[in-house]
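Student: next one to model:
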Amino acid sequence: MGKTFRRGRKWGISFVDTHGQQVRKMVSQYKETAERILKKIETEIIEGKYLDIKKSKKTLFEDFALQYIKAYVRLELKAYRNEEYIVMKIAQEFKGLYLDQINSLMVRQYMARRLKDIRPASVNREFQTLKGMYNRAIEWDMFHGKNPAVGIKNFPQNNSRCRWLTDEEQTRLLTCCEGLTKVLVLIALKTGMRWGEIKALKWTQEPCSNYVDFENGIIFIHEALAKTQRSRHIPLSNAVRLALQSVERVPGQQYIFLNPETNKPIGCIKRSFHTALRRAGITNFRFHDLRHSFASQLVRNGVDLYIVQKLLGHSTPKMTQRYAHLKHDQLKDAIAKIDIQSSDLLYNSTFVNSTFLAHHARN
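Tutor: Below is the predicted model of the structure:
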């Protein structure tokens, strides 16, 4: 049962809503008005109408996930393939549950489980997707409760990992790679492309696709397939050109890296890649670290960080700054030049002072 209360010159009401949450708010300067408002709210709560709260439809989470993909992800998002993958991953976690059965505790438990397998940043991305799904469910009148993701904070994240290969390690790794794996590793090392960008490459230009322009010597990454949703051009080096041309083209298929069993883009090369790493004696290394190796090699060869940012497709300079410390040789050269100038000045000053003192001593 609710009640009215006074604060200064105004009257407020206090009541418990249908979610069990205590609500307190100021409503009028007059007690009678506050009592009428409170009585009306209590009546509407009983009738299930307050804040347009109605009995939620019994919709399975996995069924809603499919509708969410069709009605929102594919229609409104550019990088819809990645988001579609995340939605289906979440749907597997909550399979068999209705939308109104999932609460905040279950969301927190889900995040804790995922944190054991993936990085905090990836967990946060999945969490934001889940939160957005419930927002759409409320908007589409398919769910009438409180978003279970509201009030939960993202995990602190630190994605500053920067594992890269030396020139000698790169040579060892390529030597230990075989067949298509060698081509894919070389492309990653010489272009800095992400795995998803590489496997989506096509022989010729098509709408919303990554493709290789052999005539103009560039690789084009479409914004719809880029993590930052920004398109970019990567110059085609001779090594990458030869590697791509060594791949046998399947008649009637546009994808360069094709799975012959499914006629779809290749899934992954985890097994063959790990085998090559083991043979090369390289540990604590992931395929994505080939991208770091590409960036570090550019920086160590004096390429400006702004150019590195553009080649990698970073949306802000912050991510590129992790490679700044690799310019230590250039920094040493800069200090050495200043040191030489200072030494010359010090030498000249010492010589002048000693000459001056000797002159006065004679006099």
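Student: and the next helix or strand past the helix or strand containing residue 184?
Tutor: Residue 184 belongs to helix 179-191 when assigned by DSSP states H and E. Next helix or strand after helix 179-191 toward the C-terminus (DSSP H and E): helix 195-199.
Student: counting by contacts, list what that following helix packs against.
Tutor: Contacts defined by 3 or more CB pairs under 8 Å, 6 or more residues apart in numbering; DSSP states H and E place helix 195-199 against helix 179-191. Quick note: C-beta positions are derived from backbone N, CA and C, even for glycine.
Student: buried stuff in the helix it packs on?
Tutor: 180, 181, 182, 183, 184, 185, 186, 187, 188, 189, 190, 191 (16 or more other CB atoms under 10 Å).
Student: roughly how far apart are the second one and residue 245?
Tutor: This means residue 181. Residue 181 sits at a distance of 17 Å from residue 245 (criterion: CB to CB, to the nearest Å).
Student: please save the CA atoms from stretch 298-305 in PDB.
Tutor: Output of stretch 298-305 as PDB, limited to C-alpha atoms (Å, rounded to 0.1, in the frame of the first residue of the first chain):
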ATOM      1  CA  LEU A 298      56.500  -0.600 -40.100                       C
ATOM      2  CA  VAL A 299      57.300   1.500 -37.000                       C
ATOM      3  CA  ARG A 300      60.700   0.000 -36.500                       C
ATOM      4  CA  ASN A 301      61.500   1.000 -40.100                       C
ATOM      5  CA  GLY A 302      60.600   4.600 -39.500                       C
ATOM      6  CA  VAL A 303      57.000   4.700 -40.800                       C
ATOM      7  CA  ASP A 304      55.000   7.500 -39.300                       C
ATOM      8  CA  LEU A 305      52.300   6.400 -36.700                       C
END
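Student: in that stretch, what's buried?
Tutor: Applying 16+ other CB under 10 Å to stretch 298-305 flags 298, 299, 300, 305 as buried.
Student: low-confidence stretches in the stretch 151-300 of the chain?
Tutor: With pLDDT under 70 as the threshold, the stretch 151-300 of the chain has low-confidence stretches at 157-161.
Student: about what we covered before: tell me the gap between the helix holding residue 184 and the middle of its chain.
Tutor: On the basis of CA atoms, centre = their mean, to the nearest Å, helix 179-191 is displaced by 23 Å from the centre of the chain it belongs to.
Student: again, but for stretch 214-227
Tutor: Centroid separation between stretch 214-227 and its chain, computed with CA atoms, centre = their mean, is 19 Å.
Student: just stretch 132-151 next, same as before
Tutor: Relative to its parent chain, stretch 132-151 has a centroid offset of 24 Å by CA atoms, centre = their mean.
Student: endpoints of it, how far apart?
Tutor: Start-to-end span of stretch 132-151 (CA to CA, to the nearest Å) is 13 Å.
Student: again with stretch 116-125
Tutor: Terminal residues of stretch 116-125 are spaced 15 Å apart (CA to CA).
Student: now it: buried residues?
Tutor: Within stretch 116-125, the residues scored as buried using 16+ other CB under 10 Å are 120, 122, 123, 124, 125.
Student: what of stretch 227-245?
Tutor: By 16+ other CB under 10 Å, the buried positions in stretch 227-245 come out as 232, 234, 236, 240, 243, 244.
Student: compute the number of surrounding residues for residue 150.
Tutor: 11 (other CB atoms under 10 Å).
Student: doesn't it fall inside a strand?
Tutor: No - counting by DSSP: H, G, I helix; E, B strand; the rest coil, residue 150 falls outside a strand, being coil.
Student: residues touching the closest residue in space to it that isn't next to it in sequence, list them.
Tutor: Leaving aside its sequence neighbours, residue 150 sits nearest to residue 131 (CB to CB, 6 or more residues apart in numbering; 7.3 Å). Going by CB atoms under 8 Å, 6 or more residues apart in numbering, residue 131 touches 147, 149, 150.
Student: contacts for stretch 98-108 next, please.
Tutor: Outside stretch 98-108, the residues touching it (CB under 8 Å, 6+ apart) are 56, 58-61, 64, 94, 127, 130, 134, 137, 142-145, 148-152.
Student: now that stretch: mean pLDDT?
Tutor: Average pLDDT, stretch 98-108: 93.
Student: so for residue 40, what's the pLDDT?
Tutor: pLDDT, residue 40: 86.
Student: can I get the helix or strand that contains it in CSV, CA atoms only?
Tutor: Secondary structure from DSSP H and E places residue 40 in helix 31-47. Extracted in CSV, the C-alpha atoms of helix 31-47 (Å, rounded to 0.1, in the frame of the first residue of the first chain):
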residue,chain,number,x,y,z
LYS,A,31,-2.1,16.7,-0.4
GLU,A,32,-5.5,15.9,-1.9
THR,A,33,-4.0,15.9,-5.4
ALA,A,34,-1.2,13.7,-4.3
GLU,A,35,-3.7,11.2,-2.7
ARG,A,36,-5.7,11.1,-5.9
ILE,A,37,-2.6,10.4,-8.1
LEU,A,38,-1.5,7.7,-5.7
LYS,A,39,-5.0,6.1,-5.7
LYS,A,40,-5.0,6.1,-9.5
ILE,A,41,-1.6,4.6,-9.8
GLU,A,42,-2.5,1.8,-7.3
THR,A,43,-5.6,1.1,-9.4
GLU,A,44,-3.6,0.9,-12.6
ILE,A,45,-1.0,-1.4,-11.0
ILE,A,46,-3.8,-3.7,-9.9
GLU,A,47,-5.2,-3.7,-13.5
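Student: cool, thanks, talk later.
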